[in-house]
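Colleague: Here is the input, now give the coordinates:
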Amino acid sequence: MIVIGIIAGYLAVLNLIGLALMGIDKRRAVKKLWRIPESTLFIIALIGGSIGSIIGMRVFHHKTRHWYFVYGMPAILLLQIAAVIVLIYSPLQFTIM
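Modeller: Residues are numbered from 1 along each chain as shown. Model prediction:
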């Protein structure tokens, strides 16, 4: 159970970071300041912050005109869901010593 708590905490933090980065980047875009690189936004989504990034896109109306964000972020989320399903139903057993 401890491992599940650690994973849940990790994902919660990454999704909050993804949400915050979308808001920060939108604010910087409006003010014409230095921007967060798009690669950084995608990396956060890839390592587990895809839900927060998608919510941030919708809440802040940010990056919604870029097809690679509109289709890329949900694609990352679907791949992550598929990976979790594969791990759950795989015959491998993971144990913690």
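
Colleague: mind showing which ranges of the chain have poor pLDDT?
Modeller: Residue ranges of the chain with pLDDT under 70: 1, 94-97.

Colleague: what's in contact with stretch 32-40?
Modeller: 21, 24-25, 28-29, 63, 69 (Cβ atoms under 8 Å, 6 or more residues apart in numbering). Yep, even glycine has a C-beta here, placed from its N, CA and C like the rest.

Colleague: so where does residue 19 fall, helix or strand?
Modeller: Using DSSP states H and E, residue 19 sits in helix 2-30.

Colleague: So which elements touch that helix?
Modeller: Counting contacts by 3 or more Cβ pairs under 8 Å, 6 or more residues apart in numbering; DSSP states H and E, helix 2-30 is packed against helix 38-44, helix 50-60.

Colleague: what about residue 20, how many neighbours?
Modeller: 14 (other Cβ atoms under 10 Å).

Colleague: Now for it: which residues touch it?
Modeller: Shown in contact with residue 20 (Cβ under 8 Å, 6+ apart): 52, 56.

Colleague: let's go with 6 Å and repeat that
Modeller: Listed by Cβ atoms under 6 Å, 6 or more residues apart in numbering, residue 20 has no contact partners.

Colleague: Tell me how far it lies from residue 93.
Modeller: 37 Å (Cβ to Cβ, to the nearest Å).

Colleague: do residue 30 as well
Modeller: In terms of Cβ to Cβ, residue 30 sits 50 Å off from residue 93.

Colleague: So these two - more neighbours on which side?
Modeller: Higher neighbour count among residue 30 and residue 93: residue 30, with 10 against 5, using other Cβ under 10 Å.
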